[in-house]
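K.L.:
Compute the structure for the input listed below.
(chains A and B)
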Amino acid sequence: MPVVLVMISLDFLAQPAGFDLGETGGWLFDASQPLWQAMLIGLSNTLRVSMPALLLALLLGTVVGMGRLSTEPVPRRLAGLYVNSLRNVPLLVQLLLWYFLLIECLPAPNEALHLLPGVWLSKGGLAFPWWAPEAGGWSLPAQEAFNVQGGAAVTPEYLAVAVSLSTYSAAFVAEVVRAAVASVPVAMVEAAQTLGATQAQVRWRVVLPQAWRAAMPPLSNQVLNLIKNSSLAVAVGYPDLVSVGNTALNQSGKVLECMGLMMMTYLMLSGLASLVMNLLGRHSRTVASQ
Amino acid sequence: MSTPHRALVARIRWSWLWCLPAAWMAWQVLDWAVWQAVFRPDLAACKALQHQGACWGVVQVKGMAWLFGRYPVDERWRPALAMGLWLGSVMWQCLPVFGLRSRRGPAPELAPLLAWPLGLWLMSGQGPGLQLVDTAQWGGLPLTLLLTALSLIAGAPLALSLAWARHKGAAWLSWPVTTLIEVIRGAPLVMWLFGAAFVLPGLLPAEWHWGPLARVLLVTTLFSSVYAAEILRGSLATVLRDQAEAAAVLGATWWQSQTRVILPQVWRQSLPPLTSHAIGVLKDTALVTIVSLQDLTGAMGISLNGDADWRPFFLEAYLVIAGVYAAMCLCVAAIGHRLEHNATH
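P.N.:
Now for the predicted structure:
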């Protein structure tokens, strides 16, 4: 029986990548640059899309979760409709739907929608003001003959991934928020009211610290899910970590090395995210015990 | 005016304020989806709409292609029948769950045991009488159902073993299992699917001739089972040690104490998260589109991408597909809730 020896070596990372990236997020990259730089740009693309999406998901999820707890019937029903319809449809279908809407239903870049002062939306993507130190201040995008110039811009692929990730995750965050607030015993609130606490005091000093503590473990799960779900970006051609890693794998034939690298990167990201969430949870424990 | 009365009036006013935007949104949606919409498969009428209304005719034109993917047109009765068998057996199995059939029927557990292999045989055509259809041509809703059910069912014993090994196993067993679980859970499913598509062919012995579907099934089963294992482990940890000790004192064997004392409690504890897990697995099957299997999502994408006439009506198509997924997920959720109800009452 032939003995197969697998030699693991990372030398191939220093060789030219041999492929271009659709989107680099501001880094300069062409096919002649080494493979490790392509992988790093993939990682940066993953973070560049998942961090804003995470922030949006937490904000939107909190609003929807509070809506589900509302005593007003209309917002409660609307929030329930939001959660149930987004949670039960695959993220991939939502991502493709958003992407189709963005590239088919928006106007061409030469007649972009002017959403807010300095914010333009078109088939070419979203342009928004950006801090430009070399120009000595904010750079505002403006409509020109063929497209929108100036400021910073994100592609429709980025937008589709960011929007679908944040709206989808927000449905799960909303459920976490709802469960966390509901987990605070009513007796606690009543006790605080008996002691003469105002509505705001009850909300901020009694409910929030305990709900926060209850929300942390499931919330950190959702954060990890969001980061991992950003790999669906490959379906719309956004070059995230998995997409670049897979191209590298097919180009170089270094199967185990590429898979291993991707796996290690995700494990590190997951570790980092749990560390941050644990720190946040620990902080809340000390606040609550004071 | 008395105070409660005033509060009531204020409350009604606030509710009215909320109703306005909600009603406006509902009006917009209805206007697009119903009043302005074209329900006939009439391309000219659909194009004349200029997207001011929905074109539901696309479902009539393309629906069969979404349902069956690339399966040979003349043989579509086979996946249809297989799907009927599978769904029928699941429904038959669920009747007692909803209190609609006595548990003491004629060997009810036989229904899925017969239906699944029979359906698989119908789809593949292995053996006499039917034309062989390669798994690469399977697609549409049967593929989605197959991927979901097999990942969950084949993953169940594996999940239980992994959970048990991590919870109770000796160090030489629990360490490798823990590493395996954490590594698989740590990376996204998309990466593992790429692994199934591009890496596994090099690792599996060439003489096994595993098609893409078998490789993807292997990966989705593993992926689903490690998540289920973590759920089961969490429940195993909540069953107190006294329970097993009490069973042992009463003279139960290890097997009896596991199957009669520990597992029923674990099952009851894990039902809610297992229901969410099953829904997650169902939704995750859409990802096989990325490695070129034509499940419901993939078949729909292909049928419209290749047709310039109907391509503009992707939005309607996505909404219909989303509705199908949502309906399936709600069914799973209903079964889960009912099982939960039965287990606790």
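
K.L.:
switch to C-alpha atoms for all contacts and neighbour counts from now on
P.N.:
Will do.

K.L.:
Alongside chain A, which residues does chain B contribute?
P.N.:
Contacts of chain B with chain A, taken as Cα under 8 Å from any Cα of the partner chain, map to B:15, B:18-19, B:22, B:183, B:186-188, B:190-191, B:194-195, B:198-199, B:279, B:283-284, B:286-287, B:290, B:297, B:312, B:314-315, B:318, B:322-323, B:325-326, B:329-330.

K.L.:
And stretch B:200-219, how far out from the chain middle?
P.N.:
23 Å (Cα atoms, centre = their mean, to the nearest Å).

K.L.:
contacts for it?
P.N.:
The contact list for stretch B:200-219 (Cα atoms under 8 Å, 6 or more residues apart in numbering or on different chains) reads B:135, B:136, B:147, B:150, B:151, B:192, B:193, B:196, B:197, B:288, B:293.

K.L.:
Tell me which residue in the stretch 151-290 of chain A sits closest to chain B.
P.N.:
residue A:228 (4.9 Å; Cα to the nearest Cα).

K.L.:
Show me the strands in chain A, by range?
P.N.:
A:113-116, A:119-122, A:125-128, A:130-132, A:137-139, A:142-143, A:148-149, A:152-154 (DSSP state E).

K.L.:
buried set for stretch B:94-102?
P.N.:
By 16 or more other Cα atoms under 10 Å in any protein chain shown, the buried positions in stretch B:94-102 come out as B:94, B:96, B:97.

K.L.:
What helix or strand is residue B:184 located in?
P.N.:
Using DSSP states H and E, residue B:184 sits in helix B:171-186.

K.L.:
re earlier: make TSV from the contacts of stretch B:200-219 and add secondary structure to it.
P.N.:
Listed next are the contacts of stretch B:200-219 as TSV, based on DSSP: H, G, I helix; E, B strand; the rest coil:
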residue	secondary structure
B:135	helix
B:136	helix
B:147	helix
B:150	helix
B:151	helix
B:192	helix
B:193	helix
B:196	helix
B:197	helix
B:288	helix
B:293	coil
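
K.L.:
Disregarding flanking residues, what is the spatial nearest neighbour of residue B:76?
P.N.:
Nearest residue to residue B:76 in three dimensions, chain neighbours excluded: residue B:68, at 7.0 Å (Cα to Cα, 6 or more residues apart in numbering or on different chains).

K.L.:
re the thing from before, pretty sure the residue of the stretch 151-290 of chain A closest to chain B is in contact with residue B:192, am I right?
P.N.:
No. Between residue A:228 and residue B:192 there is no contact under Cα atoms under 8 Å: 11.7 Å.

K.L.:
okay, and for the chain, where does confidence drop off?
P.N.:
Since no chain was named, I'll use chain A. For chain A, the stretches flagged by pLDDT under 70 are A:1-8, A:283-290.

K.L.:
You answered for a different chain; I wanted chain B.
P.N.:
In chain B, residues with pLDDT under 70: B:1-4, B:6-14, B:102-109.

K.L.:
Enumerate the positions of stretch B:73-89 that are buried.
P.N.:
Under 16+ other Cα under 10 Å, the buried positions of stretch B:73-89 are B:76, B:78, B:79, B:80, B:81, B:82, B:83, B:85, B:86, B:87, B:89.

K.L.:
Can you tell me which residues in chain A are near chain B?
P.N.:
So chain A meets chain B at A:72-75, A:78, A:85, A:88-93, A:97, A:100-101, A:104, A:228-229, A:231-232, A:234-235, A:242, A:246, A:250, A:255-256, A:259, A:262-263, A:266-267, A:270 (Cα under 8 Å from any Cα).

K.L.:
from those residues, which would you call buried?
P.N.:
A:74-75, A:85, A:88-93, A:97, A:100-101, A:228-229, A:231-232, A:234-235, A:242, A:246, A:255-256, A:259, A:262-263, A:266-267, A:270.

K.L.:
In helices only, show me those.
P.N.:
Counting by DSSP state H, these place A:74-75, A:85, A:91-93, A:97, A:100-101, A:228-229, A:242, A:246, A:255-256, A:259, A:262-263, A:266-267, A:270 in helices.

K.L.:
contacting residues around residue 66?
P.N.:
I'll assume chain A. When contacts are counted by Cα under 8 Å, 6+ apart, residue A:66 touches A:174, A:177, A:178.

K.L.:
Wait, chain B was what I had in mind.
P.N.:
Residue B:66 touches B:140, B:141, B:296, B:297, B:299, B:300, B:303, counting by Cα under 8 Å, 6+ apart.

K.L.:
check which helix or strand covers it.
P.N.:
Judged by DSSP H and E, residue B:66 forms part of helix B:57-68.

K.L.:
Extract the C-alpha trace of that helix and format it as CSV.
P.N.:
In CSV, the C-alpha atoms belonging to helix B:57-68 read as follows (Å, rounded to 0.1, in the frame of the first residue of the first chain):
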residue,chain,number,x,y,z
GLY,B,57,-48.0,34.6,-14.2
VAL,B,58,-44.3,33.8,-13.9
VAL,B,59,-45.2,31.0,-11.4
GLN,B,60,-47.5,29.3,-13.9
VAL,B,61,-44.8,29.5,-16.6
LYS,B,62,-41.8,28.5,-14.5
GLY,B,63,-43.3,26.8,-11.5
MET,B,64,-42.6,23.2,-12.8
ALA,B,65,-39.0,24.1,-13.4
TRP,B,66,-38.6,25.4,-9.8
LEU,B,67,-40.3,22.3,-8.4
PHE,B,68,-38.2,19.7,-10.3
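
K.L.:
before we move on, the earlier item: generate JSON lines for the buried residues of stretch B:73-89, with secondary structure and distance to residue B:35 as supplementary columns.
P.N.:
As requested, the buried residues of stretch B:73-89 are arranged in JSON lines below (DSSP: H, G, I helix; E, B strand; the rest coil; distance: Cα to Cα, whole Å):
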{"residue": "B:76", "secondary structure": "coil", "distance to residue B:35": "34"}
{"residue": "B:78", "secondary structure": "helix", "distance to residue B:35": "38"}
{"residue": "B:79", "secondary structure": "helix", "distance to residue B:35": "36"}
{"residue": "B:80", "secondary structure": "helix", "distance to residue B:35": "33"}
{"residue": "B:81", "secondary structure": "helix", "distance to residue B:35": "36"}
{"residue": "B:82", "secondary structure": "helix", "distance to residue B:35": "37"}
{"residue": "B:83", "secondary structure": "helix", "distance to residue B:35": "34"}
{"residue": "B:85", "secondary structure": "helix", "distance to residue B:35": "38"}
{"residue": "B:86", "secondary structure": "helix", "distance to residue B:35": "37"}
{"residue": "B:87", "secondary structure": "helix", "distance to residue B:35": "34"}
{"residue": "B:89", "secondary structure": "helix", "distance to residue B:35": "39"}
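
K.L.:
now these as TSV including distance to residue B:157?
P.N.:
Conversion of the buried residues of stretch B:73-89 to TSV gives the following (distance: Cα to Cα, whole Å):
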residue	distance to residue B:157
B:76	33
B:78	30
B:79	27
B:80	29
B:81	28
B:82	25
B:83	24
B:85	24
B:86	21
B:87	22
B:89	21
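
K.L.:
all strands of chain B, in order?
P.N.:
Going by DSSP E, chain B shows strands at B:139-140, B:294-295.

K.L.:
Can you tell me which of the ones you listed is most buried?
P.N.:
strand B:294-295 (a mean of 28; mean count of other Cα atoms under 10 Å in any protein chain shown).

K.L.:
Give the other helices and strands that that one contacts.
P.N.:
Counting contacts by 3 or more Cα pairs under 8 Å, 6 or more residues apart in numbering or on different chains; DSSP states H and E, strand B:294-295 packs against strand B:139-140, helix B:141-168.

K.L.:
Tell me what angle the helix holding residue B:184 forms with helix B:141-168.
P.N.:
140 degrees (axes from the mean of the first three to the mean of the last three Cα atoms, to 10 degrees).

K.L.:
neighbour-wise, which of the contacts of residue B:66 leads?
P.N.:
Highest neighbour count within the contacts of residue B:66, by other Cα atoms under 10 Å in any protein chain shown: residue B:297, with 30 neighbours.

K.L.:
With adjacent residues omitted, what lies nearest to that residue?
P.N.:
Per Cα to Cα, 6+ apart, closest to residue B:297 is residue B:286, 5.9 Å.
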